[in-house]
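A.B. asks: generate coordinates for the sequence data below:
(chains A and B)
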Amino acid sequence: MLREYLRREAVFLLSAGIILLFIGFGIARPNLLDSASSAVHAAILDNFSWLYLISAFFFLVFVLALAFSRYGTIKLGRDTDKPQYGFFGWVAMLFATGMGIGLLFWGVSEPLVHFLQPPPFIEAASPDAAAFAMRYAFFHWGIHPWAIYSIVGLAVAYFSFRRGMPGLISSCFYPILGEGIYGPAGKMVDVLAVFATVFGTATSLGFGALQIHSGLTHLYGISSAISVTIGIVVIATALFMASAILGVEKGVQVLSKFNIVLAVALLLAILTLGPAPYILNVFTSALGGYVNNIIDLSLQSYPFAGFEWSRDWTVFYWAWWISWSPFVGLFIARISRGRTIREFVLTVLTIPTLFTLVWFAIFGGSALHLELDRGANLAAVAGEDVSLALFAFLEYYPFAGLLSIAAIFILLVFFVTSADSATVVLGSLTSGGGLAVPVYKKVVWGLSLSTVAIVLLITGGLSSLQAMAILSAFPFMLVMIALCYTLAIGLSQENV
Amino acid sequence: MFEKTLIPVAYGERPEEVKKAGRLLKSLGARSVCLYHVNEPGSFFSGADLSWLTLLSEELEETGLVVEIKTGEGHIASTIAETALLEGVDGIYLKAKRRWHIETMLLGSISQDLLRLADVPVFVHKARPRLSDDGTEPDSSDLRILYATDLDEASARLLPYVMEFQGAWCHVLHIRGRMADPITERARREAVDGELQAVAEELRPYYERVTIEARIGNPASEVLHVSNQIEADIVALGRKSPAFLSAPMGAIAERIVIGSRASIFLVPQPGGRNAS
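C.D. replies: Alright, predicted model coming up:
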């Protein structure tokens, strides 16, 4: 009986055990954990930056090739399946998926930091640096993240809805592993997906907590000690754990929808209260620069000058998206049953991307406008503390206090809803792909997410969060390359 | 099957080896042989004395075969393939020879090229079946044949040839990729088993023992593995165009011919020369 339990719960026990070890190690020897993770992180960046760039570009080419090939007409489901959600409902859910802590955290600060600290071949704080900043912000938040999510989403949707397998990443490996997907190799794939999700989500939660703390410090002069950030994580954890344990998912869903409306309202407020024509010009020209240079941007690691810049930004983002891909991929797969591959790819690549680009044009464009035309000192603030840039930026708008409180509220709700969803996804990944996740697993994963975020904040703050995202994404990137192969095998067996 | 066979020969060929090959071909039904020598353009041996070829011919005639001699010039494998077609031979017999390893890696061997280019069946003689030195004619009824089949058109064309070998044991082997899900996989397995049984039934009158096996994996490595496992004398397989993505690795037959200790008997698809 014990043997049966161990076999059935191998993924849960193994992944939870290793994460528990990581947490214990981080608490007992934070400095050692920091230096060990920094060493591995540096080794990965030094040796495999190019692989991240090539892989992300390959994923984009691969999904586009599938969409426009004869396989594009294949349904993610049985041939007779109809889409479970109407087109607009589906698009709205994809739109919501594109929103999160990252947009608020980086929306203002990323263009400003690129503007102030571009690679060495661009003059800092110049108009060229501004154009470069917007182009790279569009690139990092553009079509590539969604291509990365699409790989996992397509593979899981295809193998579970059309081939009748459990909704697990390991199921997609049946063409090469056969019954081995139920053995150690299959379990390892799922454990890697769990790791990526835990560290990817913990990174976002860490960003969220840092920014909420910065906002509170900025507004109310609260102490900037790390203990306050930890306190914020603890409060947010209590909120999402209560939702998970008390089963108030419906309430969380309502809160999530309200939050998205509030975020869009904040976006529109910045657009209307700011220089709208300027912002629209920024959007148009940045979009042109992005589309026109997409291949160069995709494969550019600046080996002769600016390699470190590319490592610190592009590679970090690609790794972060990869670490989020099991989470987002499983979600977009779940809502896309009955869609064709072409519909899936083209919609997933366009709708959330377009919204994200608009967000960056409005927040980033407005911030650059303040910096270049109104003599604001925002870039220096962002250079000092990226989590503070949003609140310093909002100071230049009417009702700054109200907007800042709204931003903190949005961040807090994103924290709760993201952690809540991640807990369910982790529970599902460690329960054979089922949606009925036992409460104890939700508790374990909820606590793990928050504790990992706290450990990373204690050990090295922002840099530790980024390092662990890159570290956990590396093995999953290899899993994703294999997913392309297994998906190709599966599709090649279709009669189209 | 080998009624009229073309044997490519080169300067330095040992007469006793050619004679042994003649005995084997005779046991497989050969009546006449065309000894064919090709010089590469600008070769050191161009225009050299060809009396060695006459000597080989005389040795071979002692086995009871009718022998004719032909020479040509050009890219060796292409010229052999073309001549085989023009002469209307039933097959090409080639004794595999070792090139330097690095040379094989870079250029491929003549037998590899010939397997790719020939439009008639090709028999590449490797370590097995062993040919005796005592002059006795090999007994084809001792042969162990590994018939690698895709159960497709190329393999069906091969079936009559496999029947003609009439050896001691025919092991019918099917290798394929795994299907994408367990249900389709089970259905495919059952279908393959049924088809293999039917092939085995067709072969039973010609062999003392017929066995079947279905495997999942890489065709070239699985064929080599099974061939070694059963100590096959001949691996019989059909040639079809390699898929675009596998083209840089060469066709399955070309990969098998490098690693196999058993001889390779390959039947090309009709009209497939350019496609291959």
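A.B. asks: where along the stretch 1-150 of chain B do the helices fall?
C.D. replies: B:15-27, B:51-61, B:76-87, B:101-107, B:110-117 (DSSP state H, counting those that start in this stretch).
A.B. asks: contact partners for the spatially closest residue to residue B:76 that is not a sequence neighbour?
C.D. replies: What sits nearest to residue B:76 in space, not counting adjacent residues and going by C-beta to C-beta, 6 or more residues apart in numbering or on different chains, is residue B:38, at 4.9 Å. For glycine as for every other residue, the C-beta is placed from the backbone atoms N, C-alpha and C. Neighbouring residues of residue B:38 by C-beta atoms under 8 Å, 6 or more residues apart in numbering or on different chains: B:8, B:71, B:72, B:73, B:74, B:76, B:79, B:80.
A.B. asks: for residue B:38, give its distance to chain A.
C.D. replies: Applying C-beta to the nearest C-beta, to the nearest Å, the value for residue B:38 to chain A is 40 Å.
A.B. asks: and that residue, how close does it get to residue A:92?
C.D. replies: 72 Å (C-beta to C-beta, to the nearest Å).
A.B. asks: which bits of chain A sit near chain B?
C.D. replies: A:159, A:163-165, A:174-176, A:178-179, A:486, A:489-490, A:493 (C-beta under 8 Å from any C-beta of the partner chain).
A.B. asks: derive a ChimeraX selection command for the buried subset of those.
C.D. replies: For the buried members of the residues of chain A next to chain B, the matching ChimeraX selection, counting by 16 or more other C-beta atoms under 10 Å in any protein chain shown, is:
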select /A:159,163,165,174,175,176,178,486,489,490
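A.B. asks: in helices, which of the residues of chain A next to chain B appear?
C.D. replies: Among these, DSSP state H puts A:174, A:175, A:176, A:486, A:489, A:490 in helices.
A.B. asks: report the two of the residues you listed separated the most.
C.D. replies: Farthest-apart pair in those is A:176 and A:490; separation 10.5 Å (C-beta to C-beta).
A.B. asks: if we can go back for a sec, now, which of the residues of chain A next to chain B sits nearest residue A:271?
C.D. replies: Of all the residues of chain A next to chain B, residue A:271 sits closest to residue A:159, with 41.8 Å by C-beta to C-beta.
A.B. asks: that closest one: what's it in contact with?
C.D. replies: Here residue A:159 is in contact with A:165, A:171, A:172, A:174, A:486, A:490, B:180, B:181 (C-beta under 8 Å, 6+ apart).
A.B. asks: for the stretch 201-350 of chain A, which residue gets nearest to chain B?
C.D. replies: As assessed by C-beta to the nearest C-beta, chain B sits closest to residue A:341 within the stretch 201-350 of chain A, at 14.3 Å.
A.B. asks: can you read off the backbone torsions of residue B:214?
C.D. replies: phi -120, psi 130 (degrees, to the nearest 10).
A.B. asks: residue B:189 is in contact with that one, correct?
C.D. replies: Yes: if you go by C-beta atoms under 8 Å, residue B:214 and residue B:189 touch, sitting 6.8 Å apart.
A.B. asks: where does chain A dip in pLDDT?
C.D. replies: For chain A, applying pLDDT under 70 flags the ranges A:98, A:247-249.
A.B. asks: one more time with 50, if that's ok
C.D. replies: Counting by pLDDT under 50, chain A contains no low-confidence range.
A.B. asks: likewise for the stretch 51-200 of chain B?
C.D. replies: Checking the stretch 51-200 of chain B against pLDDT under 50 turns up B:100-107.
A.B. asks: which helix of the chain spans the most residues?
C.D. replies: Since no chain was named, I'll use chain A. Chain A, longest helix under DSSP H: helix A:30-68.
A.B. asks: not quite, go with chain B.
C.D. replies: helix B:182-203.
A.B. asks: what helices or strands is that helix leaning on?
C.D. replies: The helices and strands touching helix B:182-203, judged by 3 or more C-beta pairs under 8 Å, 6 or more residues apart in numbering or on different chains; DSSP states H and E, are strand B:144-149, helix B:153-165, strand B:169-176, strand B:209-216.
A.B. asks: got a list of contacts for the first one?
C.D. replies: Think strand B:144-149. Contact with strand B:144-149 is made by B:155, B:158, B:162, B:165, B:167-175, B:196, B:199, B:203, B:207, B:219, B:223, B:226-227, B:230-238, B:262, as judged by C-beta under 8 Å, 6+ apart.
A.B. asks: can you check stretch A:12-26 too?
C.D. replies: Contacts for stretch A:12-26 (C-beta under 8 Å, 6+ apart): A:6, A:32-33, A:187, A:190-191, A:194-195, A:198, A:430-431, A:441, A:444-445, A:448, A:451-452, A:455-456, A:458-459.
A.B. asks: now restrict those residues to buried residues only.
C.D. replies: Neighbour counting with 16+ other C-beta under 10 Å marks A:33, A:187, A:190-191, A:194-195, A:198, A:430-431, A:441, A:444-445, A:448, A:451-452, A:455-456, A:458-459 as buried within the contacts of stretch A:12-26.
A.B. asks: distance from the next helix or strand after the longest helix of chain A to the middle of the chain?
C.D. replies: Downstream of helix A:30-68, the first helix or strand assigned by DSSP states H and E is helix A:87-97. Its chain's C-alpha centre and that of helix A:87-97 lie 17 Å apart, by C-alpha atoms, centre = their mean, to the nearest Å.
A.B. asks: for stretch A:426-438, same thing?
C.D. replies: Centroid separation between stretch A:426-438 and its chain, computed with C-alpha atoms, centre = their mean, is 21 Å.
A.B. asks: can you tell me what sits against that stretch?
C.D. replies: For stretch A:426-438, contacts defined as C-beta under 8 Å, 6+ apart pick out A:8-9, A:11-12, A:15-16, A:160, A:166-169, A:171, A:190, A:193-194, A:197-198, A:326, A:330, A:424, A:441-442, A:445, A:448-449.
A.B. asks: for the residue nearest to residue A:280 when sequence neighbours are not counted, give me its contacts.
C.D. replies: Of all residues not flanking residue A:280 in the chain, residue A:361 sits nearest, at 7.7 Å (C-beta to C-beta, 6+ apart). The contact partners of residue A:361, taken as C-beta under 8 Å, 6+ apart, are A:134, A:279, A:280, A:282, A:283, A:286, A:287.
A.B. asks: mind doing that once more with 7 Å?
C.D. replies: Residues in contact with residue A:361 (C-beta atoms under 7 Å, 6 or more residues apart in numbering or on different chains) are A:279, A:282, A:283, A:286.
A.B. asks: make TSV out of those residues and add neighbour count.
C.D. replies: Below are those laid out as TSV (neighbours: other C-beta atoms under 10 Å in any protein chain shown):
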residue	neighbour count
A:279	21
A:282	23
A:283	19
A:286	27
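A.B. asks: could I get the residues you listed as JSON lines with distance to residue A:408 and secondary structure?
C.D. replies: Below are the contacts of residue A:361 laid out as JSON lines (distance: C-beta to C-beta, whole Å; DSSP: H, G, I helix; E, B strand; the rest coil):
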{"residue": "A:279", "distance to residue A:408": "24", "secondary structure": "helix"}
{"residue": "A:282", "distance to residue A:408": "26", "secondary structure": "helix"}
{"residue": "A:283", "distance to residue A:408": "26", "secondary structure": "helix"}
{"residue": "A:286", "distance to residue A:408": "28", "secondary structure": "helix"}
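A.B. asks: okay, whichever residue of the stretch 151-300 of chain A sits closest to chain B and residue A:174: tell me how far apart.
C.D. replies: Relative to chain B, the nearest point of the stretch 151-300 of chain A is residue A:163 (3.6 Å; C-beta to the nearest C-beta). For residue A:163, the distance to residue A:174 equals 8 Å [C-beta to C-beta].
A.B. asks: find the residues that touch each one of those two.
C.D. replies: Joint contacts of residue A:163 and residue A:174 (C-beta under 7 Å, 6+ apart) are B:180, B:181.
A.B. asks: give me whichever of the helices and strands packed on helix B:182-203 is most buried.
C.D. replies: strand B:144-149 (a mean of 26; mean count of other C-beta atoms under 10 Å in any protein chain shown).
A.B. asks: using PDB, write out every CA atom in it.
C.D. replies: Output of strand B:144-149 as PDB, limited to C-alpha atoms (Å, rounded to 0.1, in the frame of the first residue of the first chain):
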ATOM      1  CA  ARG B 144      19.700 -17.100 -42.400                       C
ATOM      2  CA  ILE B 145      17.800 -14.200 -44.000                       C
ATOM      3  CA  LEU B 146      16.700 -11.200 -42.100                       C
ATOM      4  CA  TYR B 147      13.800  -9.600 -44.100                       C
ATOM      5  CA  ALA B 148      13.300  -6.100 -42.900                       C
ATOM      6  CA  THR B 149      10.000  -4.900 -44.100                       C
END
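A.B. asks: noted, bye for now.
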